[in-house]
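# Generate coordinates for the sequence data below:
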Amino acid sequence: MADGSTTDRGPGRWTYSALPERPHGTWPNGARLAVVVCVGIESYRFGDGHTEDVLPGTPAPDLVNTAWRDYGNRVGAFRLFDRLEALGIRPAVLLNTDAYDEAPAVLAAARRIGAEIVGHGASNSDSLAGRTEHDERGYLLDVAERIRVEEGAAPGGWSSPWLTHTPSTIDLLAETGYRYLLDLRLDDQPVWLTTRTEPLLAIPYAAELNDSSTMIGRQASAAEFAQMIVDEAAELHSAADQRPLVLSVVLHAFISGTPFRLRQVAQALEQVAALTGVWFATPAEIHAAVVSEPDLFPGTAARAEATR
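The predicted model follows:
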């Protein structure tokens with residue numbers, strides 16, 4: 001970006017850039033910190049493929065973990081959406097499209113609060129890993145088409161089930177109409193990724209400010225996770241006095257939608273909302289802001305996208 005480095009990373013998907021050498025500026029309306037709240041609405045096939053478990057090692061038939069996951073689409077999503085709506089937050093729903101058939105009421109609630117639908121595969125029992133390029137292309141297109149049919153427009157964003165990729169994923173996302181990716185946190189600003197066709201924008205996605213990896217994976221308490229949100233927001237808000245930054249919070253309906261976690265998470269987001277210069281944004285809004293400011297987010301990828 002601004003420092004002109006040509007050192008490829010990722011591999012070869014982005015170049016090194018030092019934050020202190022980048023242009024000064026703000027988000028639209030003078031905002032300093034953009035906050036993206038992602039909510040995973042997920043579907044799992046019973047007894048097949050990948051699962052997220054609160055009690056690992058439960059023998060088949062695993063009704064216990066299945067019930068725990070189903071709680072999100074029966075109860076948790078609605079409570080979580082209600083709390084976000086009360087705070088004026090339009091989330092990015094990372095959607096497994098099988099949920100259209102299994103839990104249509106959840107999608108109706110997401111539409112009611114103005115959530116942005118982001119492609120997240122058909123099922124969270126799936127993975128992109130190991131797919132052929134032909135199969136992966138078809139999978140990405142199928143997800144986009146189902147969302148187009150249900151929502152009236154294809155998704156602009158993608159987040160992979162289990163954050164999995166193949167060597168072709170970044171190229172295929174651009175070729176199948178996706179414009180931005182929510183899988184990577186290599187920076188506190190959006191970063192343009194190189195593909196063999198159009199550039200793809202990586203919007204920061206929290207691998208750690210994530211209820212799955214932190215509260216389930218690392219067994220952090222709800223209070224500890226809430227404090228992580230507050231601390232991350234305070235530090236980034238202070239650091240964003242010269243350059244626009246992004247804070248992402250990743251929640252799942254069956255994790256943060258449970259009552260004891262929901263109360264802590266909602267209180268943390270209330271504290272974030274009380275900061276001055278905070279913009280609760282959807283990924284589509286961040287993408288549009290980046291494209292509209294090629295001097296603030298420089299690079300050939302940004303200029304190419306801005307002139308499309």
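# ok now stretch 113-124, how far from the chain's centre?
For stretch 113-124, the separation from the chain centroid amounts to 9 Å (computed by C-alpha atoms, centre = their mean, to the nearest Å).
# Low-confidence ranges, the chain, go.
Within the chain, the set of residues satisfying pLDDT under 70 comprises 1-10, 299-308.
# Would you enumerate the residues in contact with the residue nearest in space to the middle of it?
The centre of the chain sits closest to L182, judged by C-alpha atoms, centre = their mean, with a distance of 4.3 Å. Contact analysis of L182 by C-beta atoms under 8 Å, 6 or more residues apart in numbering lists 36, 38, 92, 94, 118, 157-159, 203, 205, 248, 283. Bear in mind the C-beta positions are built from the backbone N, C-alpha and C, glycine included.
# Let me see the ranges of the strands in the chain.
Assigned strands in the chain, in chain order: 8-9, 14-15, 33-41, 92-95, 116-119, 157-158, 180-181, 191-193, 200-202, 245-252, 278-280 (criterion: DSSP state E).
# any idea which of those is most buried?
Among those, the stretch with the highest mean neighbour count (mean count of other C-beta atoms under 10 Å) is strand 92-95, at a mean of 28.
# before we move on, back to that, tell me the one of the contacts of L182 nearest T51?
For the contacts of L182, the residue nearest T51 by C-beta to C-beta is L94; the value is 16.9 Å.
# pretty sure that closest one contacts G121?
No - L94 is not in contact with G121 according to C-beta atoms under 8 Å; the separation is 9.1 Å.
# Now do the residue nearest to the centre of the chain against P104, distance only.
24 Å (C-beta to C-beta, to the nearest Å).
# Check the gap between R218 and E293 for me.
For R218, the distance to E293 equals 36 Å [C-beta to C-beta].
# if you count what's nearby, which of those two comes out ahead?
More crowded of R218 and E293, by other C-beta atoms under 10 Å: E293, with 18 against 11.
# Please give me every residue in contact with the closest residue to T51 other than its chain neighbours.
In this structure, T51 finds its nearest non-sequential neighbour in Y44, 5.8 Å apart by C-beta to C-beta, 6 or more residues apart in numbering. Y44 makes contacts with 50-52, 66, 69, 123-125, as judged by C-beta under 8 Å, 6+ apart.
# again, only this time at 10 Å
Shown in contact with Y44 (C-beta atoms under 10 Å, 6 or more residues apart in numbering): 50-52, 65-66, 69-70, 96, 98, 102, 123-126, 254.
# Also S256?
Going by C-beta under 10 Å, 6+ apart, S256 touches 39-40, 72, 76, 79-80, 83, 211-212, 215, 222, 225-226, 249-250, 262, 264-266.
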